[in-house]
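> Make a model of this:
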Amino acid sequence: MQSGLYVSLSSQMALEKRLNTIADNMANVNTTGFRATEVKFDEMVANTKNKLNTKVAFVSQGNDYLNEQNGELQHTGNMLDFAIKGDAWFSLDTPAGQVLTRDGRFTLKDTGELVSIRGYPVLDAGGAPIQLNTKGGEPAVGTDGIIYQDGRQVASLGLFEADVSKGYLRYENSGIMTTEQPRAVVDRFNVGVEQGYLENSNVNAMREITQLIEVNRAFESVSSLMRDSEDSFKEAVQTLGGSR
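Numbers count the residues shown, from 1 in each chain. Got it, this is the predicted structure:
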């Protein structure tokens, strides 16, 4: 009977984690370049201490991973808006270190430095801040990320990749910091840059709402089972103790 309570408790912890990820996804449904968080739950089998050596399956707390599906591209016409086609990231130099992002809303400082919407320097493939000519013409960027001004190459947008499955931390909504050191993308025909576009969040709002309803129902169901199990356990103790 106690095993049943432990199983129910593990289920509640897993459901609570899923609720938190759904809430975070919904809060970022309109965040440029945001990739939704999903959770993978595993079954853990343990042997209970009884004569039958019964195996009981518990639910793990779950492991987070990013939904790698690309969001829809939105045309803005802004020469300093960029979207990535394919599985890659822009790189920013932040106080916390190198941060990967798919939010391509960049601006140009008076010094000619290309920065993110929060003012962090945008890095090239070598990890150096991108510097443009403030007196030059409007930047034109090819699908390979090379930046031209007045027909001359002046810089290149760095595109990076990393194995996010090895661990990551969120940084200011759409940014992530990966456990694995990011690597510059080289000679990838399926990765490129689109100037004048932004990538929308890949959160599917209707899917998240549906999952929210399902998780809430499951949570209530488990809570009800726990209450019933606890009442049965109390009755059994009282009966065996001769108090009834």
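
> Select the helix or strand of this protein having the lowest average pLDDT value.
strand 43-47 (a mean of 44; mean pLDDT, DSSP states H and E).

> how about the closest residue to Asn173 other than its chain neighbours, phi and psi?
For Asn173, ignoring the flanking residues on the chain, the nearest one in space by Cβ to Cβ, 6 or more residues apart in numbering is Thr31 at 4.9 Å. Every C-beta, even on glycine, is put in place using the N, C-alpha and C of the backbone. Backbone torsions of Thr31, given as degrees, to the nearest 10, read phi -80, psi 120.

> and the gap between Thr31 and Leu15?
To Leu15, Thr31 is 25 Å away according to Cβ to Cβ, to the nearest Å.

> okay, the two: which has more neighbours?
Higher neighbour count among Thr31 and Leu15: Leu15, with 23 against 17, using other Cβ atoms under 10 Å.

> Am I right that the more buried one is in a helix?
Yes - under DSSP: H, G, I helix; E, B strand; the rest coil, Leu15 sits within a helix.

> Does it touch Ala218 like I think?
Yes - using Cβ atoms under 8 Å, Leu15 is in contact with Ala218, at 5.7 Å.

> so where is the chain shaky, pLDDT-wise?
Applying pLDDT under 70 to the chain flags residues 1-13, 41-62, 222-244.

> cutoff 50 now
1, 43-48, 51-52, 56-58, 244 (pLDDT under 50).

> All the helices of it, residue numbers only.
Assigned by DSSP state H, the helices in the chain fall at 2-27, 205-240.

> mind checking the end-to-end distance for stretch 118-138?
22 Å (Cα to Cα, to the nearest Å).

> Make 779 the starting number, not 1.
With the count now opening at 779, the last piece we talked about shows up as stretch 896-916.

> how about it: buried residues?
By 16 or more other Cβ atoms under 10 Å, the buried positions in stretch 896-916 come out as 898-903, 908-910.

> likewise stretch 966-978?
969-978.

> just those now: which is nearest Tyr949?
Glu977 (17.2 Å; Cβ to Cβ).

> what pairs with the closest one across the strands?
Beta-bridge pairing for Glu977 (DSSP bridges): Leu851.
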